[in-house]
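1. Fold the following.
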Amino acid sequence: PGYIMSVSPNTEYLILAVLVDSETGLDMQSGVEVVEVKTEPVTAGAGVVDVEVREVYENSVDFYCTMGEGVSKYMVTIYREDQVEDARQNWSQYTSYGINSFEDMMYLLISTGSSPRARTFYESTEVSWGDLWYATPHYICIMVEDVNGGVSLVLEPFETL
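-> Just a heads-up that it's a prediction; the model follows:
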C-alpha cells in the first residue's frame, strides 16, 4: 500500500509501480506498471471564517478566528506580503502543476505550507503566531473548507511593529 499527499488539483499524473520481493528486494516481474490518473479541480466553497486581529507585536500576532455557518474546517498560515504578492503576480507560471488562478496558488501554498506549517482548526479559536519578521507587512492566510468539500480563501493583512 502507498499514499502520497502532496499532489496538485486538476493535474494529470502517472503512477509507476514495480512488484518487488520484500525479502530479497529483487524484482518479481520485469517491467513497470503505469496507471494514469487526474486529480479533481478545486471546487469553490461558500464557507467563511472571520478574522479579528487582537494584538500585534514586534514578531508575533494574536488573532481570533470565527467560523461561519457550513464550515467544516480551516487551515491557517501566515505569509509576508511580498510572498502573497509574488503568488498573485506569478501564479500563471505554474499552470502545468494544476494552478489556474491566484486562489489555486494560495490553496497549494497554505496546504503544503513552509515553515511555520499551516495549522488546521475545526472550531472558532484564538491563535497566537510567532517567528514573524519585524516591522513587516504580513497576511493571515486561511483556506476554508465547507461541509460540501468546497474551499474558499480569506486574506487578512496586518503589519508587525
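2. what about the most far-flung residue of the chain relative to its centre, which helix or strand?
-> The outermost residue of the chain, judged against the average C-alpha position, is residue 24 (39.3 Å), by C-alpha atoms, centre = their mean. Assigned by DSSP states H and E, residue 24 belongs to no helix or strand.
3. Just the pLDDT for it.
-> pLDDT for residue 24: 77.
4. roughly how far apart are the most centrally placed residue in the chain and residue 34?
-> With distances taken as C-alpha atoms, centre = their mean, residue 111 lies nearest the centre of the chain, 1.9 Å away. Distance of residue 111 to residue 34, computed by C-beta to C-beta, to the nearest Å: 27 Å. Any C-beta I mention is one placed from the backbone N, CA and C, and that applies to glycine too.
5. Show me the contact partners of stretch 49-69.
-> Stretch 49-69 has contacts (C-beta atoms under 8 Å, 6 or more residues apart in numbering) with 47-48, 71, 74, 76, 78, 121, 123-135, 138, 140, 142, 144, 154, 156, 158-161.
6. Now do the buried residues in that stretch.
-> For stretch 49-69, the neighbour count (16 or more other C-beta atoms under 10 Å) marks 49, 51, 56, 61, 63, 65, 67 as buried.
7. just the strands in this structure please.
-> 12-17, 33-38, 49-56, 61-67, 71-80, 119-121, 125-129, 137-146, 151-159 (DSSP state E).
8. Low-confidence bits of this structure, can you list those?
-> With pLDDT under 70 as the threshold, the chain has low-confidence stretches at 1-6, 25, 27-30, 113-116.
9. Run a quick neighbour tally on residue 134.
-> Using other C-beta atoms under 10 Å, residue 134 is surrounded by 9 other residues.
10. any idea how far it is from residue 81?
-> 14 Å.
11. just residue 154 next, same as before
-> From residue 154 to residue 81 the distance is 15 Å (C-beta to C-beta).
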